[in-house]
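> Below are the sequence and a predicted model; questions follow.
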Amino acid sequence: MTDRHDPAPYIDLKGIRKGYRIGTETVSIFADLDLAIAGGAFVAIMGPSGSGKSTLLNMLAGIESPDAGQLMIGGNRLDRMGEASRTAWRAHNMGMVFQFYNLLPMLTAAENVELPLLLKPLSGKERRLRTEKVLDLVGLAGREKQYPTRMSGGQQQRVGIARAIVADPGLLLCDEPTGDLDRKSADDILAMLGFLNRELCKTIVMVTHDPQAARHANRVLHLDKGEFAEERSAA
Ligand SMILES: Nc1ncnc2c1ncn2[C@@H]1O[C@H](COP(=O)(O)OP(=O)(O)OP(=O)(O)O)[C@@H](O)[C@H]1O
Ligand SMILES: [Mg+2]
C-alpha cells in the first residue's frame, strides 16, 4: 500500500516476514507485509489485540528485526544495519512515546527529558537549554524539578513527549500514547501530537485502539491477520 504522490516514501517496508518461536513452533505475525508512509504523515494504526501493532512499531524503531524483507527509513536499510548502527540511528532519528510513559521515577522531569541528549556531544549548559525549551513546548515550564510520580497521567505523558522530541528526531513512534488517559488529557496529548506533525513536520506513526484518537491522524490503517486495510486517506 503506497502513497501514490510520493515516489520515495520516508518509510518503506517490502515483503516483511516476522514470527516468534514459541517452543518448537514459529508463530507467524507477518508473512509478506508491505507499507509505505510519506514523510510528514500522521498515521494511525488500529487493529485487534495481538495483530502485531507493537511488533511493527518495534521493527520501525529498530528494536526488533524482521526475519526477512526490506525495512527502509529515510533512505537507510535498517534491516541491514548492525546493532550498534541501529542504536545510533535511533538516537538521531526517532523518538518513542509509550502508553505507560516509561519515565524513570527516581529522576526529575528535566532529568528524564535530558536522557537522550547524554548520547550527544553537547555541553551540560546546552543540554539544559534544550531540555527547558521542550518542557516549555509541552506546557511544563517551571516543572523541571518535579518528579513524575507527583504528576498526573497527562503531565507524565507530556514529559514522555518532551523526552521523545528533545533530540529533534524526524520520526515519532507512539504506542497507545493515550491508552492510560481520561478523555480530556487524551485530547490534549493528541492536539500536541497534531501540532508536532503540522508545525514541526514530525512524521508520526501512532498505534491506538481509540477511534477518536485515530481521527487526529491524516491516514488510518487497520492491521488484521498480518495485513493492512486503509480506512481513509486525506488528500
Ligand atoms: N517477544 C515475543 N515472543 C513471543 N511472542 C510474541 C512476542 N512479542 C509479541 N508476541 C506475539 O506476537 C503477536 C503480536 O503481538 P503484538 O504485541 O505486536 O500485538 P499488538 O497488536 O500490539 O497487541 P495489543 O493491542 O494487545 O498491544 C501476539 O500473538 C503476541 O503474543
Ligand atoms: Mg501492543
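Received it, and whenever you're ready, just let me know what you need. Ligands and ions are numbered 1, 2, ... in the order given.

> Now do whichever strand or helix holds residue 131: everything it contacts.
Here residue 131 sits within helix 124-137, counting by DSSP states H and E. Residues outside helix 124-137 that contact it (C-beta atoms under 8 Å, 6 or more residues apart in numbering) are 109-110, 113-114, 117-118, 122, 141, 143-144, 159, 162, 165-166. From N, CA and C alone the C-beta is placed, and that goes for glycine too.

> what is the rounded mean pLDDT of the helix ranked longest in the chain?
Ranked by number of residues, the top helix in the chain under DSSP state H is helix 183-199. Helix 183-199 carries an average pLDDT of 97.

> next one: stretch 206-226
95.

> List the buried residues of that stretch.
206-208, 210, 213-214, 216-223, 226 (16 or more other C-beta atoms under 10 Å).

> Also stretch 188-200?
For stretch 188-200, a neighbour-count test (16+ other C-beta under 10 Å) marks 188-190, 192-193, 196-197 as buried.

> next one: stretch 28-45
For stretch 28-45, using 16+ other C-beta under 10 Å, the buried residues are 29-31, 33-39, 41-45.

> now do stretch 107-119
Going by 16+ other C-beta under 10 Å, stretch 107-119 has these buried residues: 108-117.

> residues in the chain within reach of ligand 1, list them.
Contact residues (C-beta under 6 Å from any ligand atom) of the chain with ligand 1: 20, 22, 29, 47, 49-55.

> Buried among these? Need that as a selection in ChimeraX.
With 16+ other C-beta under 10 Å as the criterion, this ChimeraX line picks the buried residues out of the residues of the chain next to ligand 1:
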select :29,47,51,52,53,54,55
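
> what's residue 206 in contact with, if anything?
By C-beta under 8 Å, 6+ apart, the contact set of residue 206 is 42-45, 172, 174, 177, 193, 213, 217.

> In terms of helices and strands, where is it?
strand 203-207.

> next structured bit after that strand?
Next element after strand 203-207 (DSSP H and E): helix 211-214.

> elements contacting that next one?
The contact analysis (3 or more C-beta pairs under 8 Å, 6 or more residues apart in numbering; DSSP states H and E) places helix 211-214 against strand 42-46, helix 183-199.

> ok so, going back, now, the residues of the chain next to ligand 1 that are in strands?
The strands, defined by DSSP state E, take in 20, 22, 29 from the residues of the chain next to ligand 1.

> For those residues, give me JSON lines that also has distance to residue 12 and pLDDT.
Converted to JSON lines, these look like this (distance: C-beta to C-beta, whole Å; pLDDT from 0 to 100):
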{"residue": "20", "distance to residue 12": "24", "pLDDT": "95"}
{"residue": "22", "distance to residue 12": "30", "pLDDT": "91"}
{"residue": "29", "distance to residue 12": "19", "pLDDT": "96"}
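
> out of the residues you listed, who's nearest ligand 1?
residue 20 (3.4 Å; C-beta to the nearest ligand atom).

> isn't the closest one right next to residue 29, touching?
Yes - the pair residue 20 / residue 29 is scored as a contact, 6.9 Å apart, by C-beta atoms under 8 Å.

> tilt between the helix or strand hosting residue 163 and helix 124-137?
Taking DSSP H and E as the definition, residue 163 sits inside helix 153-165. Angle, helix 153-165 to helix 124-137, by axes from the mean of the first three to the mean of the last three C-alpha atoms, to 10 degrees: 140 degrees.
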